[in-house]
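Enquirer: turn this into a structure:
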Amino acid sequence: MALKHTRRAAIMAAGAACSLTLASTSQAEVTQIVIDSTAPAFGGATIGNAGTYTLVSGRVFGSLDPNDPHNAIIQDIALAPTNKQGKAGYIATFQLAMPSNLSLASGLLIYEVPNRGGSAFPAASGVVPGAVYLQSGWQGDLLAHCTTAYPCTSLKAPYAGTNQVIEVPIAHNPDGSAITGPVYGHIAYGATGSTAQLIIYTQPIPYKPATRDTSPTLVQFWKVAQQSITGVDGPKTPIPYNTWAWADCSTTPFPGTPDPTRICLKNGFDPNALYEMVFTAKDPLVLGVGYAATRDIVAFFHHATTDSKGTANPVAGVVSKVLINGVSQSASFIRSSIHLGFNEDEAGRQVSDGAWTQIDGRQLYMNVRFALPDVITNLYMMADEAPVWWADYRDPDRQHPPAGMLDRCRATSTCPEILETFGSNEMYEEKMSPDLIGTTAVGDIPLPSNVHRYYMPATTHGGGAGGFTYVANPPPAGNCSFAANPNPESNTNTALEYDFISLLMNGTPMPPNAYPTLAAGQLVPPTQAAEKFPAIPGYPFEGSQLNHPEKFDFGPQIDYFDQTGIITNQPPIVQRVLPEYAPPVNEDGNETVGVPSVLLQAPLATYTGWNTYATGPFTGQQCGLSGSSYPFEETRAERIAAKDPRLSVEERYGTHAGYVCAVTAAANSAVSQRFLLATDAATLMAQAEAGNVLTDITPTARDEGIARRLCRGKYD
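Expert: Have a look, this model is predicted:
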């Protein structure tokens with residue numbers, strides 16, 4: 001049965017009790033660190049007044065007591081193999097970038113959460129002078145993408161790869177037999193030939209079938225002509241069990257060479273169709289260990305002097321504050337880590353003083369049996385079964401009592417300061433409005449005082465490349481209908497990082513929160529009428545550009561409050577489509593609420609968080625993580641000829657000098673609000689001056705007048 005609220009209360013009570021009783025007796029169980037190499041960091045660059053940096057790469061060996069209340073919430077930890085001390089082990093890679101002269105360290109450790117194993121360290125230009133940077137492996141399934149047994153590469157030896165990875169236990173039944181269960185996956189749209197792989201987002205499914213038997217009792221395999229974001233299928237055709245095999249047919253005809261990671265389809269794949277499968281897998285990975293390993297690794301480098309074998313902590317005595325930072329998938333890792341209680345280590349200490357969650361509003365699909373943490377918010381994937389709001393909110397769909405992601409850390413006084421930044425694409429693709437207004441969309445959820453929220457309007461996922469170049473007819477982005485969105489988030493993020501570090505290190509208050517609310521009429525249903533989206537020829541807004549959250553039924557063995565347990569329904573049953581709102585727009589089709597970039601304040605186009613697929617089974621629906629842009633006409637004459645309701649670039653700025661003045665005014669305003677650093681403002685002004693906006697037209701007297709108004713002395 002699903003866990004009840006009384007069970008949740010008992011877990012929280014146990015967590016509060018252990019923070020009082022174990023603080024003096026228990027230590028984070030990093031048993032050994034192995035330093036495999038040292039090298040200059042950040043290309044040998046000098047980082048401000050902190051000088052050069054050194055990069056330390058190695059591995060962490062750790063162990064977890066399944067009976068420790070700090071670890072008990074990890075799915076299947078009690079079924080993991082243990083050592084003589086009754087503890088489950090893991091091995092994770094790590095990298096530490098630190099000032100070569102540690103006397104120049106500021107005391108701040110920034111733990112960068114890798115996204116799908118890739119390095120999360122900034123480029124040299126983005127390094128905070130004096131900060132120590134740390135990253136480590138947390139996603140255990142990354143070592144499962146091969147035909148051999150897990151792990152593909154053992155971390156008992158030095159790791160030659162470039163990703164940050166972790167080797168976690170495999171759960172078995174108490175009698176030692178293999179655990180099996182259903183796993184859902186799909187084949188990437190556009191597959192051709194006779195051989196393909198099941199994937200989740202971009203990576204192969206990390207589990208292997210329990211048997212090569214393709215009978216319908218073990219595998220459901222079907223072809224779908226089209227599918228909506230709400231789980232409504234077009235014509236759906238089962239594929240006969242005797243026409244496919246777990247095999248590779250790329251060189252050998254059907255039934256091919258046996259391969260548990262590939263599917264051979266006798267008559268080949270139709271590139272215009274979708275293929276989905278639910279199969280019986282074996283050997284679930286105890287992926288929730290990634291939360292505990294990260295907790296203990298951060299705690300070790302913060303507090304320890306040496307490991308149990310006497311190897312010195314390279315930054316012993318240096319760290320006074322910890323900031324954990326994650327982008328997209330990595331942000332959902334942070335959110336779930338806090339929700340599940342992993343911001344308290346086994347000694348009862350707070351792990352991170354600050355947490356920055358960027359461009360993601362879900363919880364991670366990781367702490368269930370046969371979890372799939374590589375996902376984005378695709379159909380049928382766990383994302384917001386658990387609370388996705390920080391403050392207490394009564395979720396009527398799950399029948400949860402008032403609760404939020406901070407419940408456990410509040411009970412143990414281990415909540416960090418939280419910086420939350422996100423933009424328009426997160427509302428359209430990442431199902432983020434429930435974070436602000438819940439699953440009913442009838443009222444705003446209050447923001448706790450330790451959460452600092454900033455919305456970046458009219459941006460794609462992570463923001464665009466920026467710049468002040470006018471392009472009249474940009475090409476579509478990939479397989480989307482419209483051009484990519486260049487509206488950036490980077491400069492705002494740089495300023496907010498500076499503000500947040502100032503809060504953590506010096507107590508300097510953050511700038512006022514800036515995000516859309518229902519009360520102010522800044523969140524509305526995704527219709528053209530509600531959003532007041534203008535009728536732009538060639539750029540229709542129809543409401544299908546938004547990915548709605550759903551209430552899924554994964555079966556009775558799931559604790560929906562924590563997204564833990566065992567999935568028995570695959571694919572899950574769609575019980576209800578939940579409301580998803582987005583901000584309205586102005587007469588240009590641009591959002592205005594939140595913290596606008598300088599480019600958005602001096603726009604050259606309509607910039608949106610949505611785009612649509614141009615072809616295929618998802619035609620007209622949201623094109624993944626892509627936003628879009630649609631340029632203004634350059635001149636008034638061109639605007640009239642195109643019947644475009646938006647003012648042209650000429651009518652807005654008059655001349656190139658007028659545009660530079662508009663950029664200058666926006667940059668100065670952002671600096672005064674602490675949403676832009678002065679150094680970045682100077683760079684943006686120089687970019688605008690060097691840009692091509694209105695450099696190819698001969699200005700009229702009217703144009704000159706517009707420019708003069710923009711360039712009056714108050715903008716100098």
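Enquirer: can you pull out the helices in the protein?
Expert: In the chain, the helices defined using DSSP state H lie at 5-21, 289-303, 329-339, 407-412, 424-428, 433-437, 490-506, 528-531, 598-601, 636-642, 649-653, 656-672, 678-690, 701-710.
Enquirer: flag every buried residue along stretch 510-524.
Expert: In terms of neighbour count (16 or more other Cβ atoms under 10 Å), stretch 510-524 has its buried residues at 510, 514-518, 522-524. Backbone N, C-alpha and C define where each C-beta goes, glycine included.
Enquirer: ok, back up a step: deepest of the helices of the chain, which one?
Expert: Ranked by mean neighbour count, the helices of the chain are led by helix 424-428 with a mean of 28 (mean count of other Cβ atoms under 10 Å).
Enquirer: wait, what's in contact with Glu276?
Expert: With contacts defined as Cβ atoms under 8 Å, 6 or more residues apart in numbering, Glu276 is in contact with 184-187, 221-222, 224, 571.
Enquirer: for it, give me the pLDDT.
Expert: We have a pLDDT of 95 for Glu276.
Enquirer: please name the bridge partners of it.
Expert: His186, Trp222 (DSSP bridges).
Enquirer: with the one 4 residues further on instead?
Expert: Counting by DSSP bridges, Thr280 is bridged to Pro182.
Enquirer: low-confidence stretches in the protein?
Expert: Low-confidence segments of the chain (pLDDT under 70): 1-28, 713-716.
Enquirer: center of it - which residue?
Expert: Central residue of the chain (Cα atoms, centre = their mean): Ser328, 1.5 Å from the mean position.
Enquirer: and it, what does it touch?
Expert: Per Cβ under 8 Å, 6+ apart, neighbours of Ser328: 115, 358-360, 376, 461-462.
Enquirer: tell me how far it lies from Gln95.
Expert: Shown here: Ser328 relative to Gln95, a distance of 20 Å by Cβ to Cβ, to the nearest Å.
Enquirer: of the contacts of Glu276, which is the nearest to Leu625?
Expert: In terms of Cβ to Cβ, no member of these lies closer to Leu625 than His186, at 17.3 Å.
Enquirer: show the contacting residues for the closest one.
Expert: Going by Cβ under 8 Å, 6+ apart, His186 touches 198-200, 274-277.
Enquirer: make JSON lines from those residues and add distance to Val289 to it.
Expert: Below are the contacts of His186 laid out as JSON lines (distance: Cβ to Cβ, whole Å):
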{"residue": "Leu198", "distance to Val289": "24"}
{"residue": "Ile199", "distance to Val289": "24"}
{"residue": "Ile200", "distance to Val289": "19"}
{"residue": "Leu274", "distance to Val289": "33"}
{"residue": "Tyr275", "distance to Val289": "32"}
{"residue": "Glu276", "distance to Val289": "29"}
{"residue": "Met277", "distance to Val289": "27"}
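Enquirer: just the buried ones from the residues you listed, in ChimeraX syntax?
Expert: Selecting only the buried entries of the contacts of His186 in ChimeraX, with 16+ other Cβ under 10 Å as the criterion:
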select :198,200,274,275,276,277
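Enquirer: chain center to stretch 173-192, what's the gap?
Expert: Put simply, stretch 173-192 sits 24 Å off its chain's centre (Cα atoms, centre = their mean, to the nearest Å).
Enquirer: list the buried ones in it?
Expert: Buried, per 16+ other Cβ under 10 Å, within stretch 173-192: 179-187, 189, 191.
Enquirer: okay if I get those as CSV plus distance to Arg576?
Expert: Shown next, in CSV, are the buried residues of stretch 173-192 (distance: Cβ to Cβ, whole Å):
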residue, distance to Arg576
Ile179, 31
Thr180, 30
Gly181, 25
Pro182, 22
Val183, 24
Tyr184, 20
Gly185, 24
His186, 23
Ile187, 28
Tyr189, 27
Ala191, 32
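Enquirer: out of those, which is nearest to Asp283?
Expert: Ile179 (6.9 Å).
Enquirer: where's Cys480 relative to Thr619, distance?
Expert: Cys480 is 11 Å from Thr619, by Cβ to Cβ.
Enquirer: quick check: neighbours shared by these two?
Expert: The contact sets of Cys480 and Thr619 overlap at 612-613 (Cβ under 8 Å, 6+ apart).
Enquirer: so for these two, which residue has more residues nearby?
Expert: Cys480 (19 against 13; other Cβ atoms under 10 Å).
Enquirer: tell me how far that one lies from Pro474.
Expert: Note on Cys480: its distance to Pro474, by Cβ to Cβ, is 12 Å.
Enquirer: what about stretch 682-697, start to end distance?
Expert: With Cα to Cα, to the nearest Å as the measure, stretch 682-697 spans 26 Å from end to end.
Enquirer: how far is that stretch from where the chain is centred?
Expert: How far stretch 682-697 lies from its chain's middle: 33 Å, per Cα atoms, centre = their mean.
Enquirer: of the contacts of Glu276, just say which sits nearest to Asn487.
Expert: Nearest to Asn487, judged by Cβ to Cβ, of these is His186 at 31.3 Å.
Enquirer: next one: the closest one from Ile200, what distance?
Expert: 8 Å.
Enquirer: do Pro509 as well
Expert: 41 Å.
Enquirer: and if you look at Thr421?
Expert: Distance from Thr421 to Ile200, by Cβ to Cβ: 26 Å.
Enquirer: any idea how far the residue nearest to the centre of the chain is from Thr357?
Expert: Relative to Thr357, Ser328 is positioned 10 Å away (Cβ to Cβ).
Enquirer: Ser100 too?
Expert: Distance, Ser100 to Thr357, by Cβ to Cβ: 31 Å.
Enquirer: so who does the closest residue to Ala484 other than its chain neighbours touch?
Expert: Excluding its sequence neighbours, the residue lying closest to Ala484 (Cβ to Cβ, 6 or more residues apart in numbering) is Ala477, at 3.9 Å. By Cβ under 8 Å, 6+ apart, Ala477 lies in contact with 483-484, 611, 623, 626, 628.
Enquirer: and which of these is nearest Lys87?
Expert: Nearest to Lys87 out of the contacts of Ala477 is Ser626 (Cβ to Cβ; 45.0 Å).
Enquirer: show me what contacts that closest one?
Expert: The contact partners of Ser626, by Cβ under 8 Å, 6+ apart, come to 425, 460-461, 477-478, 480, 484-485, 611.
Enquirer: change it to 6 Å
Expert: Counting by Cβ atoms under 6 Å, 6 or more residues apart in numbering, Ser626 makes contact with 477, 480, 611.
Enquirer: distance between the ends of stretch 214-229?
Expert: In terms of Cα to Cα, the two terminal residues of stretch 214-229 are separated by 28 Å.
Enquirer: next, format the contacts of Glu276 as a markdown table and append distance to Thr592.
Expert: As requested, these are exported to a markdown table (distance: Cβ to Cβ, whole Å):
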| residue | distance to Thr592 |
| --- | --- |
| Tyr184 | 40 |
| Gly185 | 41 |
| His186 | 38 |
| Ile187 | 41 |
| Phe221 | 48 |
| Trp222 | 45 |
| Val224 | 40 |
| Pro571 | 39 |
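Enquirer: hmm, which two among those residues are most spread apart?
Expert: Greatest spatial distance among the contacts of Glu276 (Cβ to Cβ): Ile187 and Pro571, at 14.4 Å.
Enquirer: before we move on, the earlier item: ok, the residue nearest to Ala484 to Ala483 distance?
Expert: Distance from Ala477 to Ala483, by Cβ to Cβ: 6 Å.
Enquirer: next one: Pro235
Expert: Taking Cβ to Cβ, one finds Pro235 at 33 Å from Ala483.
Enquirer: who's more crowded, those two?
Expert: Each of Pro235 and Ala483 has its neighbours counted (other Cβ under 10 Å); Ala483 has more, 20 against 9.
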